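Participant: Give me the fold of what follows.
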Amino acid sequence: MKFGKRLAAEAARCWPEACLDYKAIKRALKHDLASGDATARTFLQQLRTELNKVSRFYVEKAGTLEATLAQYSNPAALSIEQLSALRDEIRQLIKFVALNYLAVVKAIKKRNRHCKVTFGAAATGPALHPVDLLKQEVFFTSPRLAALSTRAELTAAAAAATGPAVPGTGPSAPPRS
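Facilitator: A predicted model of the protein is given here:
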């Protein structure tokens, strides 16, 4: 299966509107190649636009998840279902970040290969490297998601250790006769 189709299929499972639009980036590259633009200016502009979209979504989603997790400073206040749903959403965000990272790597690899084939020595400047663009993007550089995932796992472990919060049970409950 081609990468673009696989990306679209994976993106449809989570937040498709926030994922990098790989088709738009490929169209921009085709435009640059057809117009003789050895710098691939349209490609870079489209890629930066898509990276900004991904980063904005990441910041918003991570903030929402952090706020949700912060509401439950006491692990016993969170039901197993709520905690499970929160952990699933954090895993989806991790997958979202990895998927978009991979899309950037593939797009730049495609750009470098096509520019070299089409323009040869006329291709201006050295090959583009994914990290050069990604190091400016919060979804790639932020330790926020790792910290969020760790906090959710620790909360889950604490909730499992204390057991489910059922009224009338626990050490302060009167003995049953």
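
Participant: which residue sits closest to the residue positioned nearest the centre of the chain in space, ignoring its chain neighbours?
Facilitator: In the chain, the C-alpha nearest the mean C-alpha coordinate belongs to residue 97, at 2.1 Å (CA atoms, centre = their mean). Nearest residue to residue 97 in three dimensions, chain neighbours excluded: residue 139, at 5.3 Å (CB to CB, 6 or more residues apart in numbering). To be clear about C-beta, it is placed using only N, CA and C from the backbone, and glycine gets the same treatment.

Participant: for residue 144, same thing?
Facilitator: Across the structure, with CB to CB, 6+ apart as the measure, the residue nearest residue 144 apart from its sequence neighbours is residue 62 (5.2 Å).

Participant: can you check residue 151 too?
Facilitator: In space, residue 151 is closest to residue 69, 5.9 Å off (CB to CB, 6+ apart).

Participant: quick one: the one you found and residue 154 touch, right?
Facilitator: No: under the criterion of CB atoms under 8 Å, residue 69 is not in contact with residue 154, lying 10.2 Å apart.

Participant: Looking at these two, which is more packed in?
Facilitator: residue 69 (18 against 11; other CB atoms under 10 Å).

Participant: pLDDT at the residue nearest to the centre of the chain, what is it?
Facilitator: Here the pLDDT value assigned to residue 97 is 95.

Participant: Helix or strand: which one has it?
Facilitator: Secondary structure from DSSP states H and E places residue 97 in helix 80-119.

Participant: what's the following helix or strand after that helix?
Facilitator: Taking DSSP H and E as the definition, the helix or strand that follows helix 80-119 towards the C-terminus is helix 130-134.

Participant: packing partners for that next one?
Facilitator: Based on contacts counted as 3 or more CB pairs under 8 Å, 6 or more residues apart in numbering; DSSP states H and E, the elements that helix 130-134 packs against are helix 41-70, helix 80-119.

Participant: Figure out which of these is closest to residue 147.
Facilitator: Each of these was checked against residue 147 via CB to CB, and the shortest separation belongs to helix 41-70, namely 8.7 Å.

Participant: residues of the closest one that come out buried?
Facilitator: Neighbour-count burial for helix 41-70, counted by 16 or more other CB atoms under 10 Å, picks out 42-44, 46-47, 50-51, 53-55, 57-58, 61-62, 65-66, 68-69.
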